[in-house]
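Trainee: no sequence for this one, just the structure:
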Ligand code: PMT
């Protein structure tokens, strides 16, 4: 039986120079047994004609929502509802923007709004465009909603420049599709407690001490764990993110509140992952009324409790994972932190590096474990890092349990 036997797919193609690669993708998908309906945007038709897609798919090609000649045009909702997945490859920055904001002004974007199955988007564009703040925000929004947006590849671009913007290989797109259609359930039965975001330590009713954590790393871990079958509790400081559907969500503001929530939920957890950036200090005395301006102000700070060390010391039986945000002597500081906190694994990010760490969409981490293991992950989207961290934790824990690593 082929991997995609019985799967009904819609392949959306947009107006990119990489549109010709969609032909190879279509051939691969049908070869794996999928029934594929191709949907071309008006601009995609400028790059590759519908006849090629029609011949290879054996089905009419959809394109014009308002084509009175096309009986298929009125069926777009039913078609999208039936499909196990919609794959858009290549996807332009324009398509990402429309998909993120629910604009449905042609057949493909209407299909995306009506889709009930998985949505996988493989972008292709100029490197500068991929890095543009608007594109980054649109990609983040789509991922937050559960859409799988692949990372473009780095290399020579149609503009003559080189950068990150090339359509991923057909093999990579197919592999990602197989992943979303037959998701891993390797975390079924696990109860995972994740912390995310910053804490806010009040100075007075309107001011606070905090840090630049956006929560993206912790939310990414929570989302990946849910997808892989875990029961997830997410204790989160204030962020602008939407809580992942299916998680028990515990919003907190201060480190004290986070401590309370973590200590309450840790006893039932099999894995605790503390990705939150807890403020290390809080004002010793928060003012009850707004402090008047135009005066010098000295704030006396007191250290916050070390939640991670405390939860590790309680030995609840959970596998305990911390994060370390380092800026200098990264490896040495991290090794000392792993020991000092008494935890099982420490995920280290060098937050002095541009493009990773606090408030970035990507991360690059080193995983250290208490048994002396070290495992580096290259720079990837936080969603991909989250998945790789979870896989590594399972592998280390299994090795320890199976006595392949000595305790
Ligand atoms: O949220 P993002 O914008 O996506 O950014 C992700 C991140 C950079 C915040 C994340 O990857 C990360 O590094 N999180 C930990 C940040 C941090 O507080 O590091 P730390 O080295 O100060 O703390 C080490 C560990 O102890 C952390 O697991 C922290 O949650 C925990 N801690 C720290 C202080 C404290 N009082 N209590 C704690 O539990």
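Mentor: Structure's in. What do you need? For clarity, every value in this text was computed on a predicted model and none was experimentally measured.

Trainee: which residues of the stretch 301-407 of the chain lie near the ligand?
Mentor: 304, 306-308, 322-325, 349, 351, 357-359 (C-beta under 6 Å from any ligand atom). Placement of C-beta: from N, CA and C, glycine included.

Trainee: secondary structure, pLDDT and neighbour count for the residues you listed - can I get that in TSV?
Mentor: Shown next, in TSV, are these (DSSP: H, G, I helix; E, B strand; the rest coil; pLDDT from 0 to 100; neighbours: other C-beta atoms under 10 Å):
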residue	secondary structure	pLDDT	neighbour count
304	coil	98	18
306	coil	98	17
307	helix	98	26
308	helix	98	26
322	strand	98	27
323	strand	98	25
324	strand	98	22
325	strand	97	18
349	strand	97	24
351	coil	96	19
357	coil	97	22
358	coil	98	16
359	coil	95	12
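
Trainee: most widely separated two among these?
Mentor: 306 and 359 (23.6 Å; C-beta to C-beta).

Trainee: that's a helix at residue 384, yeah?
Mentor: Yes - checked against DSSP: H, G, I helix; E, B strand; the rest coil, residue 384 lies within a helix.

Trainee: and it, how many residues sit next to it?
Mentor: Using other C-beta atoms under 10 Å as the criterion, residue 384 is surrounded by 18 other residues.

Trainee: could you find the closest non-adjacent residue to it?
Mentor: residue 151 (7.4 Å; C-beta to C-beta, 6 or more residues apart in numbering).

Trainee: which helix or strand contains that neighbour?
Mentor: Using DSSP states H and E, residue 151 sits within no helix or strand.

Trainee: and the residue of the chain most remote from its centre, what's its pLDDT?
Mentor: If you look at how far each residue of the chain sits from its centre, by C-alpha atoms, centre = their mean, the farthest one is residue 295, at 44.5 Å. Predicted confidence (pLDDT) for residue 295: 82.

Trainee: in the sheet, who's paired with residue 191?
Mentor: Following DSSP bridges, residue 191 is listed with bridge partners residue 231.

Trainee: what's near enough to touch residue 330?
Mentor: By C-beta atoms under 8 Å, 6 or more residues apart in numbering, the residues touching residue 330 are 348, 350, 366.

Trainee: ok, the residues you listed vs the ligand, which is closest?
Mentor: residue 348 (7.9 Å; C-beta to the nearest ligand atom).

Trainee: tell me the pLDDT at the closest one?
Mentor: 98.

Trainee: what does residue 335 give?
Mentor: Per-residue pLDDT puts residue 335 at 97.

Trainee: skip the chain neighbours and tell me the closest residue to it.
Mentor: Leaving aside its chain neighbours, residue 335 sits nearest to residue 368 (6.4 Å; criterion: C-beta to C-beta, 6+ apart).

Trainee: is the one you found in contact with residue 338, as I believe?
Mentor: Yes - with contact defined as C-beta atoms under 8 Å, residue 368 reaches residue 338; the gap is 5.2 Å.

Trainee: show me which of the two is the more surrounded one.
Mentor: Using other C-beta under 10 Å, the more surrounded residue of residue 368 and residue 338 is residue 368, with 23 against 19.

Trainee: looking at this, the more buried one is in a strand?
Mentor: Yes - counting by three-state DSSP, one finds residue 368 located in a strand.

Trainee: one step back: overlap in contacts, residue 368 and residue 338.
Mentor: Listed as contacting both residue 368 and residue 338 by C-beta under 8 Å, 6+ apart are residue 346.

Trainee: and the stretch 151-300 of the chain, which of its residues are near the ligand?
Mentor: Close to the ligand, as judged by C-beta under 6 Å from any ligand atom, the stretch 151-300 of the chain has residues 197, 213-217, 255, 274-278, 280.

Trainee: need those in JSON lines (columns: neighbour count and distance to residue 122).
Mentor: Converted to JSON lines, those look like this (neighbours: other C-beta atoms under 10 Å; distance: C-beta to C-beta, whole Å):
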{"residue": "197", "neighbour count": "29", "distance to residue 122": "30"}
{"residue": "213", "neighbour count": "26", "distance to residue 122": "30"}
{"residue": "214", "neighbour count": "20", "distance to residue 122": "25"}
{"residue": "215", "neighbour count": "24", "distance to residue 122": "26"}
{"residue": "216", "neighbour count": "27", "distance to residue 122": "21"}
{"residue": "217", "neighbour count": "31", "distance to residue 122": "24"}
{"residue": "255", "neighbour count": "24", "distance to residue 122": "41"}
{"residue": "274", "neighbour count": "26", "distance to residue 122": "33"}
{"residue": "275", "neighbour count": "28", "distance to residue 122": "28"}
{"residue": "276", "neighbour count": "28", "distance to residue 122": "32"}
{"residue": "277", "neighbour count": "25", "distance to residue 122": "32"}
{"residue": "278", "neighbour count": "23", "distance to residue 122": "37"}
{"residue": "280", "neighbour count": "14", "distance to residue 122": "41"}
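
Trainee: just flag the most distant two among those residues.
Mentor: Spatially, the most separated pair among these is 216 and 280, at 20.8 Å (C-beta to C-beta).
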